[in-house]
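In: give the three-dimensional model of this entry:
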Amino acid sequence: MTPPERLEGLQSLRALAALLVLIGHVRAEAAHYFALDLPGAALPWTRGVDIFFIISGFIITLSAARFAARPGAFLWRRLRRVVPLYALFTTLMVALLLAAPGSLKSTSLDPAQIASSYLFLPYERADGRIAPVLSLGWTLNYEVFFYALLALCLALPRPLLACCAGLAALCLLGPALPQTTATVFYANPLILEFTFGIALARLWQCGFVRPSAPLAGLALVTGLALLVVLHQTALPRVLAAGLPATMIVAAGTLLAPDRHLPLQSIGNASYALYLSHRFPLRLGTLVLVPVMPAHPLAALVFCVLLVGLCLWGARAVHRHVERPLTAWLGPRPTRLAA
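Out: Numbering: from 1, shown residues only. You can find the predicted model right below:
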């Protein structure tokens, strides 16, 4: 069986997911500060997160097979991949908010929120959002919960089935539980997207998914089209985004495993891009907005410059921070560690 680190199609899809989130945030920043009705408002930019969740469920399934009866080793490998860079940018965010409280919009600072952020626990902020200090980290709260649940299930005879059942039970029983921040957060059906990735991985492991470029193209185009169309409906996000995202990820598994594809270098740095892009985005806004006219062409130039700056920053963080940190903590992870 082809090892997960050689599924280059998934690496390109991680780049796609990160770029969706980045472009959506840059576009929103431009629309706000230039006070313009820019095109693309109705596009599902935030659904890059759903693609990340499906990929995570897929890759973790393949990884878990190598850690049967070793839950501690499995959990350490996952946390070693996720925690250092997140802790670094959380610390940077805390430092910025202490040094210059007005430098970042709509983010307050509270000791309980800081502690919850480092512990990957949900925290309800003053504005009603459940988010850590580094607001993008809400997705990592779900990721770490998924890792911990699967680590517990590794001691059971059928760990993947037990994990899926646990996530489904949480969503079904959530409304009947006392409505606390934790129950509201963890009972969100969005967490079922991990099970979609698990199901896709099991199909791949059993040989039902064979390399086929035409089928990959069809799955990718259909998934992207459904992502746009269903975004405008009243369907729950787990269906409107989760099912199209599953088709998009399936496209990555249908490509020849070792085929070189576009965007792989961005895929390598996708985690760094996701965590870091808010900082160059804010810096670029503070520098560029005061000297640029409120004109659609200026807004377009602003968006191109900011996307380029964020990509450059992410590549630098990946090369000079993320990779050395991971190497220092232990063996270098596979390229597609979720």
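In: which residues of the stretch 51-200 of the chain fall in helices?
Out: 71-99, 111-119, 138-153, 159-173, 181-186, 193-205 (DSSP state H, counting those that start in this stretch).
In: other residues contacting the third one?
Out: Under the contact criterion Cβ atoms under 8 Å, 6 or more residues apart in numbering, helix 138-153 has outside partners 49, 52-53, 56-57, 60, 64, 71-72, 74-75, 78-79, 82, 86, 120-122, 130-132, 159-160, 162-163, 166-167, 185-186, 190-191, 194, 338. No exception for glycine: its C-beta is placed from N, CA and C like everyone else's.
In: got the angle for it vs helix 193-205?
Out: 60 degrees (axes from the mean of the first three to the mean of the last three Cα atoms, to 10 degrees).
In: low-confidence ranges, the stretch 151-300 of the chain, go.
Out: In the predicted model, the stretch 151-300 of the chain carries pLDDT under 70 at residues 256-262.
In: rerun that using 90 as the cut-off
Out: 155-157, 174-175, 177, 205-214, 216, 232, 252-265, 294-295 (pLDDT under 90).
In: buried ones in stretch 207-214?
Out: V209 (16 or more other Cβ atoms under 10 Å).
In: and it, C-alpha only, in CSV?
Out: The C-alpha trace of stretch 207-214 is given here as CSV (Å, rounded to 0.1, in the frame of the first residue of the first chain):
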residue,chain,number,x,y,z
GLY,A,207,-8.8,-0.9,-2.6
PHE,A,208,-12.1,0.7,-3.6
VAL,A,209,-10.3,3.9,-4.6
ARG,A,210,-8.0,3.4,-7.7
PRO,A,211,-5.9,6.1,-9.4
SER,A,212,-7.9,7.7,-12.2
ALA,A,213,-7.2,11.2,-13.5
PRO,A,214,-10.5,11.6,-15.3
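In: tell me the residue furthest from the middle of this structure?
Out: P293 (33.7 Å; Cα atoms, centre = their mean).
In: does it count as helix, strand or coil?
Out: The three-state assignment at P293 reads coil, by DSSP: H, G, I helix; E, B strand; the rest coil.
In: are any of the contacts of helix 138-153 buried, and which?
Out: Buried, going by 16+ other Cβ under 10 Å: 49, 52-53, 56-57, 60, 64, 71, 74-75, 78-79, 82, 86, 120-122, 130-132, 159-160, 162-163, 166-167, 185-186, 190-191, 194, 338, out of the contacts of helix 138-153.
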